[in-house]
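# Sequence and predicted structure below; questions after.
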Amino acid sequence: MDIIEDGFTHEETDVILSIPISRTGSTNRLRWFHTACGTYSVKRDTGLLWSSWKMVHSFDETENHLFFRCETSHKFWFCSSLQLNSIELEGVDFLQSWASFCNRVDQLDNKMELFQEFVFGLWRLWKNRNDIIFNHKNHEPAEILMDWRMSLAEYRNAAEKREQSMKPVLTKVAHDGTGQKHWHKPGFGTIKINTDAAWSKVTQRAGLGWVARDFAGVLQGVGGSGSMRFHSAAAAEAAAIREALEDCLLRGFGNVIIESDAKTIVQMIRNELTQDFRLECLLGDIEFLARRMQAVVFVFVSRESNKAAHLVAKYVGEKGRDFMWDCIGPEFLFNTLAQDINLPLRI
């Protein structure tokens, strides 16, 4: 941290130190973050490819000609499995040519595969154009076709492996807690962990808190971290869950319920939403830690039933350092813990 603070401005330092870093060595994964569903649909997102390329390359009529009317591209499209007469596709600009192809295949059952092949073909032609300009090397159409098939096969194999590797983290699915207004005790033999984060947009710092209680509502441990920075509240909420899981492993908890009032994060962990690529390493760590435990259930709850964790997160955030309490717990937490189990005693 000293090296970073010495070499960068205060604003740059805050950004750098807020980058989430994996603690478990999570592996690289394929991610698509342009659509909420995580799936690329050409019919719905026709302008995405065009807008991205236009921003970088500023397509004009000459460049569009290279994709469809020049001899190399014409031979490539005709000899490909698409068997296109590219001259018929060429419009006044690239967007019109793209729309022309979309209209041709829109009613076909295998249109998504055809869209995919078409996009990879455009990419190979563009790489050939770059080799001509920057490396003075022009590839033969047959060579471009071979590279196109290899790239397409590699992508499809990677996509298939990704689908096979996406297994749910949960051993079972509990209620989502949307109607739960008060904290409820877990079942016998289960530890319930409530987590929360108190993040400041100004300082980029967050307090992370977690509270562990058993089936009788008896406190089993409390922890908090107030020394870390995050780029968003969502990152802080995910980090709070990660910290809680690490604490569970240290304390030997095997069968746990993790409750959080961060609904989006819980849905990402449960594979109900596409994971935000900016949270990839945090979510990857959570998955890794969860698989090391006997049974883990992730549940979304209302803020009203998550007060204890919020108080811890707020406290450690204000102190700016890490804390760990045993089954006695801190004094500021006693009244909330008593209220959660309807204990009339207050201090």
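Alright, I've got the coordinates. Numbering: from 1, shown residues only.

# Would you map the helices across this structure?
Taking DSSP state H, the helices of the chain run over residues 2-7, 10-17, 46-57, 61-68, 71-79, 86-89, 94-105, 111-135, 141-165, 233-251, 263-269, 280-291, 307-319, 334-340.

# Tell me which residues of stretch 309-328 come out buried.
The neighbour-count check on stretch 309-328 (16 or more other Cβ atoms under 10 Å) flags 309, 310, 311, 312, 313, 314, 315, 316, 317, 323 as buried. C-beta coordinates here come from the backbone N, C-alpha and C atoms, glycine included.

# any chance of these in CSV, with pLDDT and distance to residue 341 too?
Shown next, in CSV, are the buried residues of stretch 309-328 (pLDDT from 0 to 100; distance: Cβ to Cβ, whole Å):
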residue, pLDDT, distance to residue 341
309, 96, 15
310, 96, 17
311, 96, 16
312, 96, 17
313, 96, 21
314, 95, 21
315, 96, 21
316, 95, 23
317, 94, 26
323, 93, 23
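
# Could you identify the most distant pair in the residues you listed?
The span of the buried residues of stretch 309-328, defined through Cβ to Cβ, is set by 310 and 323 at 14.8 Å.

# separation between the residue nearest to residue 325 when sequence neighbours are not counted and residue 25?
Closest residue to residue 325 apart from its sequence neighbours, by Cβ to Cβ, 6 or more residues apart in numbering: residue 222 at 4.1 Å. Per Cβ to Cβ, to the nearest Å, residue 222 is found 29 Å from residue 25.

# Of these two, which one has the most company?
More neighbours surround residue 222 than the other of residue 222 and residue 25, with 28 against 9 (other Cβ atoms under 10 Å).

# pLDDT wise, what is the nearest residue to residue 338 once chain neighbours are set aside at?
What sits nearest to residue 338 in space, not counting adjacent residues and going by Cβ to Cβ, 6+ apart, is residue 345, at 5.6 Å. On pLDDT, residue 345 comes in at 76.

# Could you tell me how far the nearest residue to residue 233 once chain neighbours are set aside is located from residue 304?
Of all residues not flanking residue 233 in the chain, residue 199 sits nearest, at 4.3 Å (Cβ to Cβ, 6+ apart). From residue 199 across to residue 304, the span is 20 Å (Cβ to Cβ).

# So which of those two has more stuff around it?
Between residue 199 and residue 304, counted using other Cβ under 10 Å, the more crowded position is residue 199 (23 against 11).

# which residues does the more buried one form a beta bridge with?
Note on residue 199: beta-bridge partners residue 206, judged by DSSP bridges.

# okay, which residue is most central for the protein?
The chain has residue 276 as the residue nearest its centroid, 2.4 Å off, counting by Cα atoms, centre = their mean.

# was I right about that residue contacting residue 262?
No - counting by Cβ atoms under 8 Å, residue 276 stays clear of residue 262, with 11.9 Å between them.

# what sits in contact with each of these two?
Contact criterion Cβ atoms under 8 Å, 6 or more residues apart in numbering; residues shared by residue 276 and residue 262: residue 234.

# any idea of the pLDDT on residue 27?
pLDDT, read off for residue 27, is 69.

# Run through the residues that contact the residue nearest to residue 233.
Applying Cβ under 8 Å, 6+ apart, the residues near residue 199 are 205, 206, 230, 232, 233, 236.

# got it, and residue 309?
Counted by Cβ under 8 Å, 6+ apart, residue 309 has contacts 194, 195, 196, 209, 210, 211, 240, 259.

# one more time with 10 Å
183, 193-198, 208-212, 222, 224, 240, 244, 259-261, 301, 303, 333, 336 (Cβ atoms under 10 Å, 6 or more residues apart in numbering).
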